[in-house]
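>>> Got a predicted model here, sequence first, then my questions.
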Amino acid sequence: MRVGITTLLFNYNYGSALQAYALKQTLHRLGNDAELIDQHDWSNERWYNRKVVFDYSTQPPRLRRSHLLRRLRFIISRALLNRKSARRNMRAFETFYSTRLPIAPLGRITPRTARTINQRYDAFVCGSDVIWMYRGIERGRDDFFLSFTDDTDKPRVAYAPSFYDDPSTLSAAAKGAIRSRLQRFSALSCREDVGCSFVRSLTNEPCEWVLDPTLLLSEDEWHDVMIPPDDAPRREYVLAYTLGNHSWVNDLACIAATALGNTSVYRINTDEFLTYSALRHSSLGPSEFLWLAGHAKFIVTNSYHGALFSVIFRKPFWTGSFPHASHRLVSVLRRLDLQNRIPDADTPFADATTQSTIDYDRVHTKLGTLRTASLDYLSKALRVKTAATYD
């Protein structure tokens, strides 16, 4: 079976790139010929200096000023501070995409290419990122809901997507628009409990909780993707992996390094604007990131995927919640009995060596059970063929 995948691409984020790779590899392992469909994403163009198509005039004045200041910050950092490093970092990602995630030779999804895309594939899968957002529907970019697919009996499968919007903040009209698109799917799933509950409430259909696809591959499979970075540490280190500016990650990493003794701190700050501080380590693509995570003595991160790779590589870790990651982070850590890895005010940070109490044999036994259930969902979903209507 030839399967077309829609997910976030080319946004220079380790988690996005690695989940896309894992989903593609998993579908291959299940006996399918899986391809990534070129997906137009306005946010990538906005932040990565391709074509700026964001309409600031539609935003409230305070938010408009915030976007403009962020854009100015990005331009200054690219043009004046570390442009060469930014390009090297992007090239490392592009190398990963070209070698590990080749795109189907059909062009981007447009009304003109939709017919060819539908003829090429026997099934479609969307996932597994923060891809479902109402503002995409408002702007006519609802391809992540597989709206470009024909009304045929081909399987339309959601594998581990997440909602960008807080369901409690959506209007009745927004919920209705999302409902009409979800009703076209033959199988629904999410990677956070809140998302599953929201889908069930809208559609009255089953929605299964499943693992992020990065957890569907084994540690050995990820080792095969690793590449050591040019500035690979020569001694033991704590990996501090930060999305955005969250100083507690670096502070806690220093505490852990001190407690562990004779250990340095290797910092990766990949905020979405690629600022100067984020680019001290150049040429770190997804494969190099995997090497750093796999060889760290300890990991401190506010990244969802940073926490998942800590589990995959059996690393002691602390983690926290980036604004849109909290629900999915808690959902998976709770199932693995690792919810205590999210620090709170009563956590004894100074005693970082308490991480050695993680029983990873037990954790990976639970992970194996969840992996079997997730793979069972995906394999069954691709065999189901249910005709659906689109309001």
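Yes, it's here.
>>> where exactly do the helices run in the stretch 151-300 of the chain?
In the stretch 151-300 of the chain, the segments counted as helices under DSSP state H, counting those that start in this stretch are 172-182, 193-203, 219-223, 247-260, 286-295.
>>> what's the angle from the second one to helix 172-182?
Relative orientation of helix 193-203 with respect to helix 172-182: 90 degrees, computed using axes from the mean of the first three to the mean of the last three CA atoms, to 10 degrees.
>>> ok so, going back, so of the helices of the stretch 151-300 of the chain, which one's packed in deepest?
helix 286-295 (a mean of 22; mean count of other CB atoms under 10 Å). The way it works is simple: take the backbone N, C-alpha and C, and place the C-beta from them, glycine included.
>>> For that one, give me every contacting residue.
14, 17-18, 21, 92-93, 96, 100, 222-223, 225-229, 232-233, 239, 241, 266, 268, 284, 299, 306, 309-310, 313, 315 (CB atoms under 8 Å, 6 or more residues apart in numbering).
>>> For residue 210, the count of nearby residues, please.
27 (other CB atoms under 10 Å).
>>> what's the answer for residue 110, then?
Neighbour tally, residue 110, other CB under 10 Å: 12.
>>> quick one, phi psi at it?
The phi/psi pair for residue 110 (degrees, to the nearest 10) reads phi -140, psi 170.
>>> Check the spacing between it and residue 213 real quick.
27 Å (CB to CB, to the nearest Å).
>>> Nearest residue to residue 297 in space, ignoring adjacent ones along the chain?
residue 236 (4.6 Å; CB to CB, 6 or more residues apart in numbering).
>>> Same question for residue 159.
Residue 159 sits nearest to residue 127 (CB to CB, 6+ apart), 3.9 Å away.
>>> was I right about the one you found contacting residue 146?
No. The criterion here is CB atoms under 8 Å, and residue 127 misses it with residue 146 at 10.6 Å.
>>> quick one on the thing from earlier: so the residue nearest to residue 297 sits against residue 260, correct?
Yes. With contacts counted by CB under 8 Å, residue 236 reaches residue 260, the gap being 7.5 Å.
>>> Now do the shared contacts for these two.
residue 297.
>>> which residues in the stretch 1-150 of the chain form helices?
14-29, 42-47, 61-76, 83-100, 114-120, 134-138.
>>> Where among the ones you listed is average confidence lowest?
Least confidently modelled of the helices of the stretch 1-150 of the chain is helix 42-47, at a mean of 40 by mean pLDDT.
>>> what's the pLDDT at residue 352?
54.
>>> likewise the one 4 residues further on?
Here the pLDDT value assigned to residue 356 is 56.
>>> related to what we said a few turns ago, and the helices of the stretch 151-300 of the chain: which comes nearest residue 327?
helix 193-203 (4.6 Å; CB to CB).
>>> what's the closest one packed up against?
Packing partners of helix 193-203 (3 or more CB pairs under 8 Å, 6 or more residues apart in numbering; DSSP states H and E): strand 162-163, helix 172-182, strand 189-190, strand 208-209, helix 326-335.
>>> now these in a markdown table, with distance to residue 155 and mean pLDDT?
As requested, those are exported to a markdown table (distance: least, CB to CB, whole Å; pLDDT from 0 to 100):
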| stretch | distance to residue 155 | mean pLDDT |
| --- | --- | --- |
| strand 162-163 | 21 | 94 |
| helix 172-182 | 15 | 95 |
| strand 189-190 | 13 | 98 |
| strand 208-209 | 15 | 98 |
| helix 326-335 | 24 | 92 |
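>>> quick one, which of those is nearest to residue 150?
helix 172-182 (14.8 Å).
>>> Alpha carbons of that closest one, as CSV, please.
Coordinates of each C-alpha in helix 172-182 appear next as CSV, following Å, rounded to 0.1, in the frame of the first residue of the first chain:
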residue,chain,number,x,y,z
ALA,A,172,-19.2,27.1,18.6
ALA,A,173,-18.4,28.0,15.0
ALA,A,174,-14.8,26.9,15.3
LYS,A,175,-15.8,23.6,16.9
GLY,A,176,-18.3,23.1,14.1
ALA,A,177,-15.6,23.7,11.4
ILE,A,178,-13.3,21.3,13.1
ARG,A,179,-16.0,18.7,13.6
SER,A,180,-16.9,18.6,9.9
ARG,A,181,-13.3,17.9,9.0
LEU,A,182,-12.8,15.3,11.6
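>>> which residues touch that helix?
Residues contacting helix 172-182 (CB under 8 Å, 6+ apart): 132, 134, 137, 142, 145, 147, 158, 165, 167, 170, 188, 199, 202-203, 205, 390-391.
>>> Report the distance from it to the chain centre.
24 Å (CA atoms, centre = their mean, to the nearest Å).
>>> ok so, going back, and the helices of the stretch 151-300 of the chain, which one averages the lowest pLDDT?
Taking the mean pLDDT of the helices of the stretch 151-300 of the chain, helix 247-260 comes last: a mean of 87.
>>> Which secondary structure elements does it sit against?
For helix 247-260, the packing partners by 3+ CB pairs under 8 Å, 6+ apart are strand 237-242, strand 264-269, strand 298-301.
>>> for those strands, which one ends up most surrounded?
strand 298-301 (a mean of 28).
>>> Could you list the paired strands of that one along with their orientation?
strand 237-242 (parallel), strand 317-319 (parallel) (DSSP bridges).
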